[in-house]
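> Here is a sequence with its predicted model. Questions after.
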Amino acid sequence: MEVNKRLERVRKLIAMAEHERTDPVEAQAFREAADKIMLEEAIEWATVRDAMPAEARSKPETILVETASRGHLSWQATTLLRRVAEHCRCRMRSYAVRNEGKTYHKVYGFESDIRYVEVLYSTLQLHMFDVLAPRYDSDATLEDNAYRLHNAGFNWLEIAKMMGYRKLSRWDSDHSDAVKDPWRAPDGDIVSEHQIGSRVKRAYKREIARRGEAYRTIAASSARTYRTCAAQGYMDRITQRLDEVEKKRGTGSELVLHRSAADLEEYFYQDNEDMRPKPPKPYEPCPRCEANPSGHCRKHPKGSWTEVPWDERAYRNGVAHANTADLSGDDKVHRPTAKAIR
């Protein structure tokens, strides 16, 4: 019950921090206060635990967390869970269990810390997906859907596919030579690719005119790059925000939590022996590389560098969205699938 009360206080503090009318300085103070509450909980629990005999001390626990998959954000969702687990003084084993097409990650920690991971991650995951990987809402207008999806980096034809349109191949029985680049509409009609794209584009223009915003151009060939860069910007800013909170914890707490952290580390490596750190191998120079004027041999070729596509505007949009994230971990939102293990 005491843990539940403290988590509820954390949610209220962060709710005030994330309110649009809250001053930025006060918002940061609210976030730091929320993290301080959970740190005090961990310190009090660790103090009581250290006073017990070794055989009577509580052991770490584990949960399986399923990261929801939405295409290009699958890797970011896993990275987000790992960063949240570190923030909450837990450890994570990626892709620990695969069952019926679903992937689960195993999180190790003590009770209050694991619960902190659950509520915080569920909030951030939903917040990230709602803007960076939205889905078509059949209850909303075409204008609203076109606005949300295009601003998230989807081009007109990708939005049309979400609406139920399907491109026809030349081998399709419904293929019509009278229509150039034919698509099948949800009602069964055959329409051209140009008609579909124009319809979604016009809906988007009507919505930005209503909102008084500027037109945002996202080329079809760079749509995926846009979404990837936006997700990277979101992840980088969330990491920075968590780092800012952690710097306020001070060094004294690390000394108190040292024994619990060491027990958690050993528990983690006992269950994941393959991840236990191994001593580095001594460096042995390659005689063929040393004999070659280029400094490389066939076994150790010279590396190459490839430029990765980048969209700075998308990255900034991802950062801006991360600034609105609620770090309270409000469990009123949908939680990830989690199974407790003893």
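Sure thing, it's come through. Residues are numbered from 1 along each chain as shown.
> For the stretch 201-342 of the chain, just list every one of the strands.
338-341 (DSSP state E, counting those that start in this stretch).
> whoops, I mixed them up, the stretch 51-200 of the chain
Using DSSP E, counting those that start in this stretch, strands in the stretch 51-200 of the chain cover 61-66, 91-99, 102-109, 166-167, 182-184, 190-192.
> quick one: the second one to strand 102-109, angle?
Between the axis of strand 91-99 and that of strand 102-109 there is an angle of 150 degrees, by axes from the mean of the first three to the mean of the last three C-alpha atoms, to 10 degrees.
> Next, the nearest residue in space to residue 269 that is not next to it in sequence: phi, psi?
Closest residue in space to residue 269, ignoring its immediate chain neighbours: residue 276 at 4.4 Å, by C-beta to C-beta, 6 or more residues apart in numbering. No exception for glycine: its C-beta is placed from N, CA and C like everyone else's. Taking degrees, to the nearest 10, you get phi -70, psi 130 for the backbone angles of residue 276.
> Surely residue 276 and residue 267 touch.
No - with contact defined as C-beta atoms under 8 Å, residue 276 does not reach residue 267; the gap is 12.0 Å.
> would you list the strands of the stretch 51-200 of the chain in TSV and tack on distance to residue 152, mean pLDDT and mean neighbour count?
Formatted as TSV, the strands of the stretch 51-200 of the chain follow (distance: least, C-beta to C-beta, whole Å; pLDDT from 0 to 100; neighbours: other C-beta atoms under 10 Å):
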stretch	distance to residue 152	mean pLDDT	mean neighbour count
strand 61-66	23	88	20
strand 91-99	26	86	15
strand 102-109	24	89	21
strand 166-167	21	88	14
strand 182-184	22	86	19
strand 190-192	24	87	16
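> can you tell which of those is closest to residue 239?
strand 91-99 (15.0 Å; C-beta to C-beta).
> Give me the packing partners of that closest one, helices and strands only.
Using 3 or more C-beta pairs under 8 Å, 6 or more residues apart in numbering; DSSP states H and E, the elements in contact with strand 91-99 are helix 74-87, strand 102-109, helix 258-271.
> at 10 Å what do you get?
strand 61-66, helix 74-87, strand 102-109, helix 258-271 (3 or more C-beta pairs under 10 Å, 6 or more residues apart in numbering; DSSP states H and E).
> how long is stretch 179-194 end to end?
10 Å (C-alpha to C-alpha, to the nearest Å).
> should've said stretch 307-314
End residues of stretch 307-314 are separated by 18 Å (C-alpha to C-alpha).
> contacts for that stretch?
For stretch 307-314, the external contacting residues (C-beta atoms under 10 Å, 6 or more residues apart in numbering) are 132, 152-153, 216-218, 221-233, 317-318.
> I'd like to know which of these are buried.
Restricting these to buried positions leaves 132, 152-153, 218, 222-233, 317-318, with burial counted as 16 or more other C-beta atoms under 10 Å.
> so where's the stretch 51-200 of the chain uncertain?
The stretch 51-200 of the chain contains residues with pLDDT under 70 at 51-58, 69-72, 170-177.
> 80 - rerun?
51-59, 67-73, 98-102, 112, 119, 122-123, 126-127, 130-131, 169-179 (pLDDT under 80).
> Can you tell me which of the helices and strands packed on strand 91-99 is nearest to residue 157?
That would be helix 74-87 among those, by C-beta to C-beta, at 22.4 Å.
> do you know how far the residue sitting nearest the centre point of the chain is from residue 135?
When C-alpha atoms, centre = their mean is applied to the chain, the residue found nearest the centroid is residue 77 (3.2 Å). Per C-beta to C-beta, to the nearest Å, residue 77 is found 15 Å from residue 135.
> Please apply the same query to residue 221.
For residue 221 relative to residue 135 (C-beta to C-beta), the value is 23 Å.
> again with residue 90
Distance from residue 90 to residue 135, by C-beta to C-beta: 30 Å.
> So the two - more neighbours on which side?
residue 90 (24 against 13; other C-beta atoms under 10 Å).
> what are the ranges of the helices in the protein?
Using DSSP state H, the helices of the chain run over 2-17, 24-50, 74-87, 111-132, 142-151, 156-163, 193-211, 223-247, 252-256, 258-271, 287-291, 312-322.
> was I right about residue 120 contacting residue 326?
Yes - the pair residue 120 / residue 326 is scored as a contact, 9.2 Å apart, by C-beta atoms under 10 Å.
> What count of nearby residues applies to residue 293?
Residue 293: 5 neighbours (other C-beta under 10 Å).
> okay, now the domains of the chain?
Here the domain assignment for the chain is 2-134+226-341, 156-217, based on automatic domain parsing.
> Any chance of the backbone angles for residue 189?
phi -70, psi 150.
> measure it to residue 318 for me?
Distance from residue 189 to residue 318, by C-beta to C-beta: 38 Å.
> now do residue 134
14 Å.
> correct me, but residue 249 touches residue 37?
No - taking contacts as C-beta under 10 Å, residue 249 lies outside contact range of residue 37: 11.8 Å.
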